[in-house]
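**Q** Structure for this input, please:
(2 chains)
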Amino acid sequence: GENVEQHPSTLSVQEGDSAVIKCTYSDSASNYFPWYKQELGKGPQLIIDIRSNVGEKKDQRIAVTLNKTAKHFSLHITETQPEDSAVYFCAAGDDMRFGAGTRLTVKP
Amino acid sequence: SQTIHQWPATLVQPVGSPLSLECTVEGTSNPNLYWYRQAAGRGLQLLFYSVGIGQISSEVPQNLSASRPQDRQFILSSKKLLLSDSGFYLCAWRLGGDTDTQYFGPGTRLTVL
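**A** Numbering: from 1, shown residues only, chains lettered A, B, ... in the order given. Below is the predicted model of the structure:
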């Protein structure tokens, strides 16, 4: 099955700065790569996703880039705000394996 | 529109007691269904997934089992709970193919005492 690694495990940025979280995957057949945001006590919410026929996708302050050759994809958050503070997860594979998560803290 | 339900929302059970958590999806047909467990402050561990009625793939050897008696119903069970079964249990569904987006239910927080 798929193996997904996510870095960093924790990330602290100042409000207004950018944040980048990276994931690598092992199965070259994977073709769908979502990112989820999880707030305390709630289930993960999809924030953006990308499919293997696209290299980059953007939605306002959030973007995801995919490098299929290197088998990695990254989440980029620009102009971070305190409400962006949460745990972020990436996933890949037909059986939807998740990375270990990144706890993002945005300091006002 | 599609909706996913999980119940109960919270559950406190003694060690050795049985467990049954239910997940149902509305507004779609033949979804892929998933059970995940999340320990406090940790990532999501895939427990089971199902691509159709009666088809269950187990990812982790444990005292849990899953069943899919109907197309949009996924049940997580245990005959005897362990302390280590405590956690946040999440059900998710996905259509697959070009759609592929996976959606999560609200979760069940299980505490085994």
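
**Q** Any residue of the worst-scoring helix or strand of chain A on mean pLDDT touching chain B?
**A** Ranked by mean pLDDT, DSSP states H and E, the weakest helix or strand in chain A is strand A:97-98, scoring a mean of 88. Yes - contact between strand A:97-98 and chain B, assessed by Cβ under 8 Å from any Cβ of the partner chain, occurs at A:97-98. Quick note: C-beta positions are derived from backbone N, CA and C, even for glycine.

**Q** That strand packs against which elements?
**A** strand A:86-92, strand B:44-52 (3 or more Cβ pairs under 8 Å, 6 or more residues apart in numbering or on different chains; DSSP states H and E).

**Q** For these, which has the smallest mean pLDDT value?
**A** The weakest mean pLDDT among the helices and strands packed on strand A:97-98 belongs to strand B:44-52, with a mean of 91.

**Q** Now the helix or strand that that one is followed by: buried residues?
**A** Going down the chain from strand B:44-52, the next helix or strand is strand B:55-58, by DSSP states H and E. Neighbour counts using 16 or more other Cβ atoms under 10 Å in any protein chain shown place residue B:56 of strand B:55-58 among the buried residues.

**Q** Kindly format the C-alpha coordinates of strand B:55-58 as PDB.
**A** Below are the C-alpha coordinates for strand B:55-58, written out as PDB (Å, rounded to 0.1, in the frame of the first residue of the first chain):
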ATOM      1  CA  GLN B  55     -16.200  -6.300   1.000                       C
ATOM      2  CA  ILE B  56     -13.900  -5.300   3.900                       C
ATOM      3  CA  SER B  57     -10.200  -4.700   3.900                       C
ATOM      4  CA  SER B  58      -8.500  -4.700   7.300                       C
END
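
**Q** This completes my enquiry, with thanks.
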